[in-house]
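Asker: Following is a predicted model, sequence given first.
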Number of protein chains: 2
Amino acid sequence: MSLRKSYSFQIHPQDVDFQFRVTIAAFANILLTTAQLNADDNGFGLRRLNEMECSWVLSRFAIEMKRFPEQYEKISVETWVEEVGRANTTRNFCIRDEQNEIIANASSLWVFFDMQTRRAKDLITLDGIHEFANGEPGLIEKPIRLGPVENGVDYDGFKVKYSDIDINGHVNSVRYIQWISDCFSLDCYRKCAVSRFEINYMNEMMFDDFVEIVGQELIKGDYRFEIRKDDKVACRVRVLF
Amino acid sequence: MSLRKSYSFQIHPQDVDFQFRVTIAAFANILLTTAQLNADDNGFGLRRLNEMECSWVLSRFAIEMKRFPEQYEKISVETWVEEVGRANTTRNFCIRDEQNEIIANASSLWVFFDMQTRRAKDLITLDGIHEFANGEPGLIEKPIRLGPVENGVDYDGFKVKYSDIDINGHVNSVRYIQWISDCFSLDCYRKCAVSRFEINYMNEMMFDDFVEIVGQELIKGDYRFEIRKDDKVACRVRVLF
């Protein structure tokens, strides 16, 4: 049993940018929806975990794009759990178009989170989940631990608003991806396309927090960002064009 | 022939706010998608108009909410063209839940726009469209021409970014609605719900324009806003709680 499963989606008008291509934020949203659906199908979805006063927290996420699907295109997202360790679990994705060509791959790392203690919980206590790990690697390098941004310049600064907040009372995971994608001009998107987007989620942001985005182009086309609140880092991002 | 047609939607996780309720922006997006689908079904959709180097431009839009649908709820959006004048056309919406209860109504005013001259075009030149006007009024007051905000206070200021821009190269219509909904705190949304949201679109905004939002509470629970760029007004909004 390969334990891979596919889910179908269509790219909607609100998912695309000025060039009719899916935005990296909308694409990430489709993958996170897939993760949620597949975890539900496996019996370890958020609704089940919430009953145990636990949750899944996304820790790291990497997406590599070969081609950005356009408005109205249909895509299929295949997903599977590669491994379940003590501290976290790895879920991979392979995304194909209607011609069955691979257009993107992704890999994500999730922490099993105890909402009462506000700490990670040993996955050994989650009975039966290990049966869903098939050991099959994804087609891209796993998201790694990104280093700090040392000599970054200020890209943006603003307050967290109503529409940024999700049902957990924190800034939605996809919003950070949108904020970083907004650090680039239309001209940049006309000339280049994102080939790898990688994010480490570190600290949650709340309503009215001040968001500070700093970044640097490490080498040509290889950008590193930090989203900061006060003296903490909310997330670190690498964007490769 | 009543010329009314219904379209089905589900409220997705990315459509809801911290209280699991659809945001007014996500709800408006569903209605505008419905308008697009129905115009296509009538043979006067954007794809057909674009072939004539014309387009539909949303001029005024009013939504009244009786109940905000929640995550995973299924809704049906009934829509029809009430009238087709020389300068514009009125499209109404009636939104029901799975119990067939009316949860919202909306009314919109559209201009037939010539993309070459950048001006409104007489609808008399659009052969056959008048047959789709059924003369049936909506269940709410039509969106009116909103007056200027005289003694407004500054609510927010920021630049238009990549993710705000749609396939026409302008700020997406729904984005203005989101920006205004972001003028209120979580606490405000905890205590009250929007009962009527009304917007006049006046001037398009482009990438890198500076967005200035001014507003005033005219009488308790009745807010007026203007979104300004330089010396122009991009749109005027009334929010009634």
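Answerer: Sure, I can see it.

Asker: and the residue nearest to the spatial centre of chain A, what helix or strand is that in?
Answerer: Residue closest to the average C-alpha location in chain A (C-alpha atoms, centre = their mean): A:Phe61, at 4.4 Å. Taking DSSP states H and E as the criterion, A:Phe61 maps to strand A:54-65.

Asker: which helices and strands does that strand pack with?
Answerer: Here strand A:54-65 touches helix A:24-42, helix A:46-51, strand A:102-114, strand A:196-201, going by 3 or more C-beta pairs under 8 Å, 6 or more residues apart in numbering or on different chains; DSSP states H and E. (Each C-beta comes from the backbone N, C-alpha and C, glycine too.)

Asker: Any idea how far the lowest-mean-pLDDT helix or strand in chain A is from the middle of the chain?
Answerer: Lowest by mean pLDDT, DSSP states H and E among the helices and strands of chain A is helix A:46-51, with a mean of 86. Using C-alpha atoms, centre = their mean, to the nearest Å, the mean C-alpha position of helix A:46-51 is found 20 Å from that of the whole chain.

Asker: got a list of contacts for that helix?
Answerer: Contacts of helix A:46-51 with the rest of the structure, by C-beta atoms under 8 Å, 6 or more residues apart in numbering or on different chains, involve A:36, A:39-40, A:55-56, A:112.

Asker: and A:Trp179, that one's in a helix?
Answerer: Yes: A:Trp179 sits within a helix when classified using DSSP: H, G, I helix; E, B strand; the rest coil.

Asker: can you pull the contacts of it?
Answerer: A:156, A:211, A:213, A:227.

Asker: Narrow those to those in strands?
Answerer: With DSSP state E as the criterion, strands contain A:156, A:211, A:213, A:227 from among these.

Asker: export these to JSON lines and tack on pLDDT, distance to B:Val16 and neighbour count?
Answerer: Conversion of the ones in strands among the contacts of A:Trp179 to JSON lines gives the following (pLDDT from 0 to 100; distance: C-beta to C-beta, whole Å; neighbours: other C-beta atoms under 10 Å in any protein chain shown):
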{"residue": "A:Asp156", "pLDDT": "94", "distance to B:Val16": "26", "neighbour count": "17"}
{"residue": "A:Val211", "pLDDT": "97", "distance to B:Val16": "22", "neighbour count": "20"}
{"residue": "A:Ile213", "pLDDT": "97", "distance to B:Val16": "26", "neighbour count": "23"}
{"residue": "A:Ile227", "pLDDT": "98", "distance to B:Val16": "23", "neighbour count": "27"}
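
Asker: Would you mark the buried spots in the helix or strand A:Phe9 falls within?
Answerer: According to DSSP H and E, A:Phe9 maps onto strand A:5-10. Neighbour-count burial for strand A:5-10, counted by 16 or more other C-beta atoms under 10 Å in any protein chain shown, picks out A:7, A:9.

Asker: Output it as CSV, nothing but the C-alphas.
Answerer: Extracted as CSV, the C-alpha positions of strand A:5-10 are listed here (Å, rounded to 0.1, in the frame of the first residue of the first chain):
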residue,chain,number,x,y,z
LYS,A,5,-3.7,10.0,-2.4
SER,A,6,-4.6,12.7,-4.9
TYR,A,7,-7.0,15.7,-4.6
SER,A,8,-8.3,17.8,-7.5
PHE,A,9,-8.5,21.6,-7.6
GLN,A,10,-9.2,24.4,-10.0
